[in-house]
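*Asks:* Sequence below, structure please.
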Amino acid sequence: MAEPVHVSDATFDSEVINSQVPVLVDFWADWCGPCKMLAPVVADLASEYGARVKVAKLDVDANPNIAGKFGVMSIPTLILFKQGEAVQRLVGYQPKSTLKAKLDPMV
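*Replies:* Predicted structure coming up:
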């Protein structure tokens, strides 16, 4: 069962930008209630998509450079990257069905 990968400012390029598969990045923080609500949905997506989509989590408090680079102003923010480019952005809690609708055309 696949788990979300925790990425940081230091590992973001190797894990996300240079990934051979689409990557869904969950920008979150420990103190964020909606982020905690979204966490099990993100974990479900990681197991469901397995190797077809990499699911990553980035703690914005510990990694402010990447969050700033991508203009993350509210959390949770989910950004879908394909071939190193940000192609979709969703802000706020999203139900699994909405996220699947965004991911399915990418895989």
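*Asks:* contacts and neighbour counts: CA atoms only from here.
*Replies:* Will do.
*Asks:* How are the helices of the protein distributed by residue range?
*Replies:* Along the chain, the stretches classed as helices by DSSP state H are 12, 33-49, 64-69, 96-103.
*Asks:* From the centroid of this protein, which residue is nearest?
*Replies:* V25 (1.5 Å; Cα atoms, centre = their mean).
*Asks:* Who does it form a beta bridge with?
*Replies:* A56, I79 (DSSP bridges).
*Asks:* wait, doesn't it sit right on P76?
*Replies:* No - contact criterion Cα atoms under 8 Å: V25 and P76 do not qualify, at 10.1 Å.
*Asks:* re the thing from before, which among the helices of the chain is found nearest to Q88?
*Replies:* With Cα to Cα as the measure, helix 96-103 is the member of those nearest Q88 (7.8 Å).
*Asks:* Skipping adjacent residues, who's closest to K54 in space?
*Replies:* Distance criterion Cα to Cα, 6 or more residues apart in numbering; nearest residue to K54, sequence neighbours excluded, is V23 at 4.6 Å.
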